[in-house]
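Participant: Show me how the following folds:
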Amino acid sequence: MLLECLHAGGMSGEEVVFSRWGSSEPAVHLVPLDWLKPHEEILDKNVRQLEKMTLRWKGYTKPLLVDIKTGSILDGHHRYSVGMNLGLCRLPAMLFDYLNDDSIILEAWPASGLESLAKQDIIDMCTSSELFSPKTSRHIVEAEVPPIHVPLDVLSQES
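Facilitator: Just a heads-up that it's a prediction; the model follows:
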């Protein structure tokens, strides 16, 4: 069901290739797991529960939301951790030009202790050696996040 490839420059200037999954809009791409960069810590309990469900479903049913220029994870840190635990090579993601896309709204969760966050704060954290606490940021995306089912055997392949 892979349809086309999208090429983008990564933060280090190297080219990263994403395969498109399915033919619906908005597009979901399969991106290399090692290209993704988290900005928040995860809750182990949530990862364990999501991993059980992912194994039961034998695939991913929701894409991550990711900045196309940096690989910064906007939403999907627990799905990313499940992918790491399962030794997957790729994950399904919707890709956005985060800093320039006004349809993506960033908020700080009330319990985060922060009054506000800027999009550049998220990118900066992704490129640092530190992470925000779990549930620090909340991204609201106007685009519809489509339901998907990408089998684990597809995600375990490098390309």
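Participant: Name the residues that touch stretch 142-159?
Facilitator: Taking Cβ atoms under 8 Å, 6 or more residues apart in numbering as the criterion, the residues outside stretch 142-159 that touch it are 17, 19, 21-22, 24, 26, 28, 30, 54-55, 57-63, 65, 83, 86-92, 94, 96, 103-104. Using the backbone N, CA and C atoms, a C-beta is placed for each residue, glycine as well.
Participant: Next, the distance between the ends of it.
Facilitator: With Cα to Cα, to the nearest Å as the measure, the first residue of stretch 142-159 is 30 Å from its last.
Participant: any idea of the mean pLDDT for that stretch?
Facilitator: Averaged across stretch 142-159, the pLDDT comes to 91.
Participant: So, low pLDDT: which residues of the protein?
Facilitator: 1-15, 22-25 (pLDDT under 70).
Participant: on that earlier part again, where strands are concerned, which of the contacts of stretch 142-159 count?
Facilitator: With strands defined by DSSP state E, the entries of the contacts of stretch 142-159 inside them are 17, 19, 21, 28, 30, 59-60, 65, 90-92, 94, 96, 104.
Participant: Out of the contacts of stretch 142-159, which end up buried?
Facilitator: Among those, those that count as buried by neighbour count (16 or more other Cβ atoms under 10 Å) are 19, 21-22, 28, 30, 54, 59-60, 62-63, 65, 83, 88-92, 94, 96, 104.
Participant: just to revisit the earlier point, tell me which of the ones in strands among the contacts of stretch 142-159 is nearest to Arg48?
Facilitator: Set against Arg48, the nearest of these by Cβ to Cβ is Tyr60 (16.5 Å).
Participant: I'd like to know how far that closest one sits from Glu51.
Facilitator: When Cβ to Cβ, to the nearest Å is applied, the distance between Tyr60 and Glu51 equals 11 Å.
Participant: does the residue nearest to Leu43 when sequence neighbours are not counted sit in a helix, a strand or a coil?
Facilitator: Leaving out its chain neighbours, the residue that sits closest to Leu43 by Cβ to Cβ, 6 or more residues apart in numbering is Pro134, at 5.1 Å. Look at Pro134: counting by DSSP: H, G, I helix; E, B strand; the rest coil, its state is coil.
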